[in-house]
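Enquirer: please find the sequence and the predicted model below.
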Amino acid sequence: MGSTQKPLSVRRSEQRPAYHFNPAAHWMNDPNGLVFHQGVYHLFFQYHPYSTVWGPMHWGHASSQDLVHWQEHPLALAPDEHGLIFSGSAVWDAENTSGLGTAEQPPLVALFTYHRLRGPQEAPDSPCETQGLAYSLDAGATWVKHPLPVLNNPGLKDFRDPKVFWHEQSQRWIMALACTNRVSFYSSLNLREWTWLSDFSQNAGEGVWECPDLFELPTGDGDARWVLLVSVTLGGPQGGSATQYFVGQFNGQDFLSEHHDTRWLDWGTDHYAGVTWSNTGTRKLLIGWMSNWRYANKTPTEGWRGSMTLPRELTLQRVEQRLMLCCPPAAEVESAFCEPISNLKVGLKQGLVSSSGRFKLQLKGPANAPWSLQLGNPANGTWQLSFDDQRQLFVLDRSGARAQDFQTELSDVFVVPRLGKAPDIDVNLYVDTHSIEVFAENGLLSMTHLVFPDAPWDRLNLEGAEILSAKIATVCVNGTR
Ligand code: FRU
């Protein structure tokens, strides 16, 4: 009797990402405290342990040895009399410069923002953010908070998200801090006392700057540059929040950008607050929160809300005179996939994809002819990525990948300029239950976005230009735990 179809909400609670980190329950936003230590990648995160919408922030904790399988741990940090625990970073204080451990047992040190809720008498823009510190002597399992904030507020409404690293050349710790529409840099010899160094601001729109990160990358020709990441709450390339980057020089005091144009780390709607792991040697690995503040609190999931992007490895690539930041998936991600189930024949127009709707697809086509690629299922329209060779643009349309209960208030069609110059265009798609990450042009372009189809993708259609090669691999993990 009746339909065997389960109500949508039940199906939503069962539908979990297969290979993207998400907490077992409740709300998650930014990655925090990313540190690699004793063979383990730690991923702390903004967490509301009692609700599926944003609220009093704690630090949740997960760890992984391979960046694919994650184990969730007890809460790391909870609010106290100084405020809620907002975003921040963690470092391995190997020389015990902080004095919080011993030479034999040096600490992991986390710097984070305390956000104190304003009282009813306080002005809505009164300063309420300071920087706090906590340390761990048991490899991140438990944390002891320093009794007082280590950096007081100079009078700013927005003063948050400390990202700390050891600056080899000047032999001191540097902190990048988001201050309304600029990044302030501070230095310290012991992680507890901080001195202001300089401010950087450029191309600041109406959004607030958040979650900065500063690191050095090789240019591939024997040289190196410093890259500054800044997440902005408004004005992203597709609307809402997104992450900008600047390429330039850092001399231990000032950061100087070497370009004036606005550059995006990712051109999709759902890549925010991405920062890098500390203590990973010459590799720079990043993970971001896969959502957009425009609709993050109402994405259609049940019992949990929020997942991370795939971990990415950052590199610089030169395109003519410009040094561009690339963020393709870290090599470790490949272990989530089995051998290709099908090598699609060149010229194939239609095919079936993995019935679980979770797979990886690689394509290559010429840059001087149009093509389009569609994913479909019996319940929705199609998700489509096309290449407009006349205008040298990618056009991504998620209208058919959006169940009625996913209201984004943004356009469903994203237009993204081609950034490279190669004669062929390569495209890699990482499709999971609720997301599609598109990487094109040898890693130059990344477009991350959430999708909430009513049923898994089971059809693939390729149209237009002759596709030079196409390969599909299925996911061989089910859940990141
Ligand atoms: C970025 C952000 C940070 C802040 C945190 C609060 O998404 O707004 O600036 O520390 O989230 O959860």
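Expert: Arrived safely. Quick caveat: nothing in here was measured; it's all calculated off a predicted structure. Residues are numbered from 1 along each chain as shown.
Enquirer: any weak-confidence spans in the chain?
Expert: 1-11, 13, 340-349, 355, 465-468 (pLDDT under 70).
Enquirer: 90 - rerun?
Expert: Along the chain, the parts satisfying pLDDT under 90 run over 1-15, 205-206, 220-221, 320-321, 338-366, 377-381, 401-405, 409, 454-481.
Enquirer: which residues touch the closest residue to Gln15 other than its chain neighbours?
Expert: What sits nearest to Gln15 in space, not counting adjacent residues and going by CB to CB, 6 or more residues apart in numbering, is Thr433, at 5.2 Å. Bear in mind the C-beta positions are built from the backbone N, C-alpha and C, glycine included. By CB atoms under 8 Å, 6 or more residues apart in numbering, the contact list for Thr433 reads 15-18, 357-358, 456.
Enquirer: how close does Thr433 get to Gly357?
Expert: Using CB to CB, to the nearest Å, Thr433 is found at 7 Å from Gly357.
Enquirer: overlap in contacts of these two?
Expert: By CB under 8 Å, 6+ apart, Thr433 and Gly357 have these common neighbours: Pro456.
Enquirer: adding secondary structure, distance to Gln350 and neighbour count, write the contacts of Thr433 out as CSV.
Expert: Putting the contacts of Thr433 into CSV (DSSP: H, G, I helix; E, B strand; the rest coil; distance: CB to CB, whole Å; neighbours: other CB atoms under 10 Å) gives the following:
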residue, secondary structure, distance to Gln350, neighbour count
Gln15, coil, 26, 17
Arg16, coil, 29, 20
Pro17, coil, 27, 21
Ala18, coil, 24, 20
Gly357, coil, 16, 21
Arg358, coil, 20, 24
Pro456, coil, 17, 18
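Enquirer: who does the residue in the stretch 201-350 of the chain positioned nearest to the ligand bridge with?
Expert: Closest contact between the stretch 201-350 of the chain and the ligand, by CB to the nearest ligand atom, is at Glu210 (3.5 Å). Judged by DSSP bridges, the bridge partners of Glu210 are Ser231.
Enquirer: show me what contacts it?
Expert: 87, 158, 160-161, 178, 230-233, 273.
Enquirer: mind running it again at 7 Å?
Expert: 160-161, 178, 231, 233, 273 (CB atoms under 7 Å, 6 or more residues apart in numbering).
Enquirer: other SSEs contacting the longest strand seen in the chain?
Expert: With secondary structure taken from DSSP state E, the chain has its longest strand at strand 26-37. Strand 26-37 makes packing contacts with strand 40-48, strand 58-64, strand 84-92, strand 108-115, strand 272-276, strand 285-289 when contacts are defined by 3 or more CB pairs under 7 Å, 6 or more residues apart in numbering; DSSP states H and E.
Enquirer: ranges for the strands of the stretch 151-300 of the chain?
Expert: For the stretch 151-300 of the chain, the strands defined by DSSP state E, counting those that start in this stretch cover 160-167, 172-179, 182-188, 195-200, 209-218, 224-232, 242-250, 255-257, 263-264, 272-276, 285-289.
Enquirer: and those strands, which is most packed in?
Expert: Highest mean neighbour count of the strands of the stretch 151-300 of the chain: strand 272-276, a mean of 26 (counted as mean count of other CB atoms under 10 Å).
Enquirer: report whether that one contacts the ligand.
Expert: Yes. On the criterion CB under 6 Å from any ligand atom, strand 272-276 is in touch with the ligand at Ala273.
Enquirer: which other residues reach that strand?
Expert: Residues outside strand 272-276 that contact it (CB under 7 Å, 6+ apart) are 29-31, 34, 87, 89, 163, 210-211, 213, 215, 229, 231, 241-243, 265, 284-289, 291-292, 309, 314.
Enquirer: centre of the chain versus stretch 309-323, how much separation?
Expert: Distance of stretch 309-323 from its chain centroid, counting by CA atoms, centre = their mean, to the nearest Å, is 15 Å.
Enquirer: give the buried residues for that stretch.
Expert: Neighbour-count burial for stretch 309-323 flags 309-317, 323 (criterion: 16 or more other CB atoms under 10 Å).
Enquirer: check what contacts it and list those residues.
Expert: By CB under 7 Å, 6+ apart, stretch 309-323 touches 20, 67, 217, 219-220, 225, 247, 259, 271, 274, 276, 283-288, 290, 324-333, 419-421, 430, 437, 444, 448.
Enquirer: just the buried residues out of those residues, in PyMOL syntax.
Expert: Buried residues within these, by 16+ other CB under 10 Å, are selected in PyMOL with:
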select buried, resi 20+67+217+225+247+271+274+276+284+285+286+287+288+290+324+325+326+327+328+329+330+332+333+419+420+430+437+444+448
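Enquirer: quick one: name the residues of the stretch 251-400 of the chain near the ligand.
Expert: Ala273.
Enquirer: the stretch 101-250 of the chain now?
Expert: Contacts of the stretch 101-250 of the chain with the ligand, taken as CB under 6 Å from any ligand atom, map to 113, 160-161, 210-211.
Enquirer: can we see that at 5 Å?
Expert: The stretch 101-250 of the chain has residues 160-161, 210 near the ligand, with proximity defined as CB under 5 Å from any ligand atom.
Enquirer: in TSV: those residues, plus distance to Val144.
Expert: What follows is these, written out as TSV (distance: CB to CB, whole Å):
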residue	distance to Val144
Arg160	22
Asp161	22
Glu210	27
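Enquirer: can you tell me which of those is nearest Ala76?
Expert: Distance to Ala76 across those (CB to CB) is lowest for Asp161, with 16.6 Å.
Enquirer: can you give me the distance of that closest one to Asp389?
Expert: With CB to CB as the criterion, Asp161 and Asp389 are 41 Å apart.
Enquirer: contacting residues for Leu234?
Expert: 205-207, 240-241.
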